[in-house]
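**Q** Pasting the sequence and the predicted coordinates here, then a few questions.
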Amino acid sequence: MLPLTENIGHRAAVYIEEYSLPGGLRAGDAIVAATAVENREVLISSNIKHYRTIRDLDFKPFKT
């Protein structure tokens, strides 16, 4: 569990502005992505639709 910081909140807001219309990114997914980026972690998820387009996110998809 990682704390929600001001930087994560700001980055999540930017992601919502950039990716909500083209990819359907919602607030919860934006916070998850921003947390991974801000903490320099790889995000592993089956939610390929929302995360694959985020440029600075180190994303690894998996199939369930």
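**A** Perfect, thanks for sending it.
**Q** Dump the longest helix belonging to the chain to PDB, keeping only the CA atoms.
**A** Across the chain, the longest stretch assigned as helix under DSSP state H is helix 6-23. The C-alpha coordinates for helix 6-23 follow below in PDB (Å, rounded to 0.1, in the frame of the first residue of the first chain):
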ATOM      1  CA  GLU A   6       0.000  15.600  -4.100                       C
ATOM      2  CA  ASN A   7       2.200  14.500  -7.000                       C
ATOM      3  CA  ILE A   8       0.100  11.400  -7.600                       C
ATOM      4  CA  GLY A   9      -3.100  13.400  -7.500                       C
ATOM      5  CA  HIS A  10      -1.700  16.000 -10.000                       C
ATOM      6  CA  ARG A  11      -0.400  13.300 -12.300                       C
ATOM      7  CA  ALA A  12      -3.800  11.400 -12.100                       C
ATOM      8  CA  ALA A  13      -5.600  14.700 -13.000                       C
ATOM      9  CA  VAL A  14      -3.400  15.100 -16.100                       C
ATOM     10  CA  TYR A  15      -4.000  11.500 -17.100                       C
ATOM     11  CA  ILE A  16      -7.800  12.000 -16.900                       C
ATOM     12  CA  GLU A  17      -7.500  15.100 -19.100                       C
ATOM     13  CA  GLU A  18      -5.400  13.300 -21.600                       C
ATOM     14  CA  TYR A  19      -6.800   9.800 -21.700                       C
ATOM     15  CA  SER A  20     -10.400   9.900 -20.500                       C
ATOM     16  CA  LEU A  21     -12.000  10.600 -23.900                       C
ATOM     17  CA  PRO A  22      -9.800   8.500 -26.300                       C
ATOM     18  CA  GLY A  23      -9.300   5.500 -24.000                       C
END
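**Q** Give the buried residues for it.
**A** 8, 11-12, 15-16, 19, 23 (16 or more other Cβ atoms under 10 Å). (C-beta placed from N, C-alpha, C; glycine too.)
**Q** next one: stretch 40-59
**A** 43, 45, 50-51, 54, 57, 59.
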